[in-house]
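In: What follows is a predicted protein model with its sequence.
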There are 2 protein chains.
Amino acid sequence: MSLSPERTVAELRELQELTGDENGAQRVAWTETWERARQWLREKVVPTGAEEEIDEAGNQWFTLPGNSEHALLLGGHIDSVPSGGWLDGSLNVMAAIEVLRRIAEEGTPPLTVRLVNWADEEGARFGRSLFGSSAAAGSLDDQDDLRGRRDAEGIALPDALAEHGVDLDRALEARGQLANAAAYLELHIEQGPVLESLDLPLGVVLGTFGVERHLVTWRGQAAHAGSTPMDKRRDALAGAAKLALEIRPIAAEVGDGAVCTSGGVVCRPGIVTSVVETAEQLLDQRHLDAGKLARLLELAQAASRRFAQEEDVAVEWERIWSIQPIPFDDRLIELADESIREIAGSSHRLPSGPLHDAAEVARAGIPTVMVFVQSLRGLSHTKLEDTKEEHLELAVQALDRLTTKALGGLHEQHRGSAALR
Amino acid sequence: MSLSPERTVAELRELQELTGDENGAQRVAWTETWERARQWLREKVVPTGAEEEIDEAGNQWFTLPGNSEHALLLGGHIDSVPSGGWLDGSLNVMAAIEVLRRIAEEGTPPLTVRLVNWADEEGARFGRSLFGSSAAAGSLDDQDDLRGRRDAEGIALPDALAEHGVDLDRALEARGQLANAAAYLELHIEQGPVLESLDLPLGVVLGTFGVERHLVTWRGQAAHAGSTPMDKRRDALAGAAKLALEIRPIAAEVGDGAVCTSGGVVCRPGIVTSVVETAEQLLDQRHLDAGKLARLLELAQAASRRFAQEEDVAVEWERIWSIQPIPFDDRLIELADESIREIAGSSHRLPSGPLHDAAEVARAGIPTVMVFVQSLRGLSHTKLEDTKEEHLELAVQALDRLTTKALGGLHEQHRGSAALR
């Protein structure tokens, strides 16, 4: 077996050299640098014999045919945010290439094995993340909105995509790519502090959080800071302050990894001489369980009504965005857990806060799982993003082990089906 | 005795007709409309025989000579904020004219009586309030700063003043005007809700609050709202939220009219997907007693250090501005209290939150007092500012009564002094 995790680390550095600068990775999707990274990737894959195909959404596929049309997918994204980290996205792609090499060397696999480099996971240029994977998953349903989007220089999204051979109107035809998908595996840097705090290199991801995102508006009354006695005030900020603190006992009560964040409060008039009339508060709540997510929201709304009454102010909730939790596949979670324990001694199960391409694939009904590797200091979307080299190597080994187990399991499952060649 | 409080109300309406529009009063200092108001005022005073003088700071004085050079001053300001109320400032001026008429009709008063229409109390055009009164009080010490100020259209402050005959470099020569001042009386609309809540038309002002104004900066760590467990967060907003709530028990503990206001919090990065890294919080604390003001600040700072420790964030205080409390004259407070009780049945003593020209005069060592008349709904600096007509009339009567009492008292005090003619 020729798996070389050291090579993955070396290739990641080579990619960073080719497409990054002193500020970090610069592989923003739909740019020349991104295209250069894709060309480099193409050249890396050629020796494995896998066939390349760019689908209607710009996703880059490499297919190693197996004894079955049923395909095991390994995915990642080579695009980055501007001045991003060297591992976010590209680790998955490079580790998967290493696994592909090992499989190709061993001869025809029982199932077809495909590597996908998703187009525009980050949405850095046009603010639409998971573009390629949502097109493939059939959940890209905002083309009308996308048609009107422009980047910072005023270039329209459809024009930018066309420069890279993608016709927005045909992007959904990428759905065909998942027709024979039997499973999807994705390795990713954690982008959070959990594994580091547990001193573990690797963890298996249970799914991506459901999210409830609201703008909570508190309305009191502006009043002069000097002439208004304390008991005559209707202070909108007091409501927001109480809720900013109350979301913590609420998260603790619901438990099981619940997180609630008040990311900002905008005060109006927002001047030193006036009681706050209006406070616009951002609230983000996440849970892996749909019922518990609903409970988080319900408790926060009830608390806000109580605070509004206490403070004699009005409160109003406006949903900004929400998404249901996307649980990963139980059987694949078991296989990933086993693989990690075999490679690293112990494993940990954790939810993913950020969304990933894997969530789109799972939403499309394909059995999916992710493996996380530890992030140093949880830093993400910055050139300071990093992971210990030894952990990167363990991550490549774990993805390889998981691929082997998944291929075995899927082979059993699909044996004798009409799809076998 | 010819005092006609109804005339004051009619003249206030006449002034509003002449210098206001559908959005409110437009008598911004150093504008044509303001100059028109001053010309109108001049014509109103002529029949009293009082002599007009514009001093080096642009203050408009009307002097009715008495049997002593010692002068009782009645002051107000005819300038307004843009789209301001019909009473703020001008009530004082028009009530004082009515008192001047009554005194002139009765013959030579025992002391000289002077009406002053202060220039640019509001600071609406250049952001420097109390311009004329601080020049006369000798406390205008920011000429270098003022020289560089420009209005929204780019016109420099010295140029705007020069158009109205004022040379910024000579403004402090207005100090001479207070040389013989024996006392200063000012009637003003409360601009707060206290008298209305007590159902009282009038109150006597104990002085102007001392103010401590700070920017409190909390520094935690930005972290992804999805991937950072609750117990791994260093949330700057939590510190600010705790302090925004804690200032209320602190104000209650110090008591005696203490007020504390958090007028705004600016969060960075301030996005829905991140724990707040930096929260910049405005804090304004006021008290009439210097020791208690210091205690308010001390308690808030101690609380902030406790919260910083609890939240594992840093906290830093930066003073934006402060001013010592300016107590008014005890004897004049007694006379004002008596006058109000005689006119309105009962009185109330209260501090002034906003600063007034009276504070500048008091700082210069002139015995000073103010009378407040009830504001409806505490609304100020808006065309919605209002006071019941019957309360305006009581206010004119109270100022007149107070003037008589003050003239009597000062006459006793200065009798036999060398300054008697």
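Out: That came in fine, so what should we check first?

In: ok, now which ones touch the one residue sitting closest to the centre of chain A?
Out: Of all residues in chain A, the one closest to the mean position by CA atoms, centre = their mean is A:His356, 2.4 Å from it. Residues near A:His356 by CB atoms under 8 Å, 6 or more residues apart in numbering or on different chains: A:Glu121, A:Leu130, A:Glu186, A:His188, A:Thr208, A:Met370. In this view, the C-beta of every residue, glycine as well, is placed from N, C-alpha and C.

In: How about A:Asn92?
Out: Neighbours of A:Asn92 in contact, by CB under 8 Å, 6+ apart: A:Leu74, A:Gly75, A:Gly76, A:His77, A:Glu186, A:Leu187, A:His188.

In: Double-check that it belongs to a strand.
Out: No. Secondary structure assignment (DSSP: H, G, I helix; E, B strand; the rest coil) places A:Asn92 in helix, not in a strand.

In: For the closest residue to it other than its chain neighbours, what are phi and psi?
Out: The shortest distance from A:Asn92 to any non-neighbouring residue, by CB to CB, 6 or more residues apart in numbering or on different chains, is to A:Gly76 (2.6 Å). Backbone geometry at A:Gly76, expressed as degrees, to the nearest 10, gives phi -170, psi -170.

In: ok, back up a step: can you list the contacts of A:Asn92 in CSV and add secondary structure?
Out: Converted to CSV, those look like this (three-state DSSP):
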residue, secondary structure
A:Leu74, strand
A:Gly75, strand
A:Gly76, strand
A:His77, coil
A:Glu186, strand
A:Leu187, strand
A:His188, strand
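
In: between these, which is closest to chain B?
Out: A:His188 (10.8 Å; CB to the nearest CB).

In: What distance do you get for A:Cys267 to chain B?
Out: Separation of A:Cys267 from chain B (CB to the nearest CB, to the nearest Å): 4 Å.

In: in the sheet, who's paired with that residue?
Out: Note on A:Cys267: beta-bridge partners by DSSP bridges are A:Ala279.

In: burial measure for it, as a count.
Out: Residues within reach of A:Cys267, counting by other CB atoms under 10 Å in any protein chain shown, total 27.

In: re the thing from before, looking at it, the residue nearest to A:Asn92 is touching A:Ala96, isn't it?
Out: Yes. Counting by CB atoms under 8 Å, A:Gly76 does reach A:Ala96; the two are 6.1 Å apart.

In: and for the two, which residues touch both?
Out: With CB under 8 Å, 6+ apart, A:Gly76 and A:Ala96 have common neighbours A:Leu187.

In: Who has more neighbours out of those two?
Out: Of the pair A:Gly76 and A:Ala96, A:Ala96 is the one with more neighbours under other CB under 10 Å, namely 29 against 25.

In: can you pull the contacts of the nearest residue to the more buried one once chain neighbours are set aside?
Out: Nearest non-adjacent residue to A:Ala96, counting by CB to CB, 6+ apart: A:Leu74, 3.8 Å away. Applying CB under 8 Å, 6+ apart, one finds that A:Leu74 lies in contact with A:92, A:96, A:99-100, A:113-116, A:184-186, A:399, A:403.

In: would you turn the contacts of A:His356 into a markdown table with pLDDT?
Out: A markdown table is the format used below for the contacts of A:His356 (pLDDT from 0 to 100):
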| residue | pLDDT |
| --- | --- |
| A:Glu121 | 95 |
| A:Leu130 | 94 |
| A:Glu186 | 98 |
| A:His188 | 97 |
| A:Thr208 | 93 |
| A:Met370 | 98 |
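
In: Go back to those residues and keep what's next to chain B.
Out: Among these, proximity to chain B is found for none (CB under 8 Å from any CB of the partner chain).

In: Spit out the contact partners of A:Asp21.
Out: Listed by CB under 8 Å, 6+ apart, the contact set of A:Asp21 is empty.

In: which residues in the stretch 301-421 of chain A form helices?
Out: Along the stretch 301-421 of chain A, counting by DSSP state H, counting those that start in this stretch, helices occupy A:330-344, A:357-363, A:389-414.

In: what's the answer for the stretch 151-300 of chain A, then?
Out: A:157-163, A:194-198, A:236-254, A:290-311.

In: Let's see the third one as PDB, backbone CA atoms only.
Out: What it means is helix A:236-254. This file holds the C-alpha atoms of helix A:236-254, laid out as PDB (Å, rounded to 0.1, in the frame of the first residue of the first chain):
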ATOM      1  CA  ALA A 236     -34.500  49.400  24.500                       C
ATOM      2  CA  LEU A 237     -31.000  48.400  25.300                       C
ATOM      3  CA  ALA A 238     -32.000  46.900  28.600                       C
ATOM      4  CA  GLY A 239     -34.200  44.400  26.700                       C
ATOM      5  CA  ALA A 240     -31.400  43.500  24.300                       C
ATOM      6  CA  ALA A 241     -28.900  43.200  27.200                       C
ATOM      7  CA  LYS A 242     -31.100  40.900  29.100                       C
ATOM      8  CA  LEU A 243     -31.600  38.600  26.100                       C
ATOM      9  CA  ALA A 244     -27.900  38.700  25.300                       C
ATOM     10  CA  LEU A 245     -27.300  37.200  28.700                       C
ATOM     11  CA  GLU A 246     -30.400  34.900  28.900                       C
ATOM     12  CA  ILE A 247     -29.500  32.900  25.800                       C
ATOM     13  CA  ARG A 248     -26.700  31.300  27.800                       C
ATOM     14  CA  PRO A 249     -28.900  29.600  30.500                       C
ATOM     15  CA  ILE A 250     -31.300  28.800  27.600                       C
ATOM     16  CA  ALA A 251     -28.600  27.000  25.700                       C
ATOM     17  CA  ALA A 252     -27.600  25.200  28.900                       C
ATOM     18  CA  GLU A 253     -31.200  24.100  29.600                       C
ATOM     19  CA  VAL A 254     -31.700  22.700  26.100                       C
END
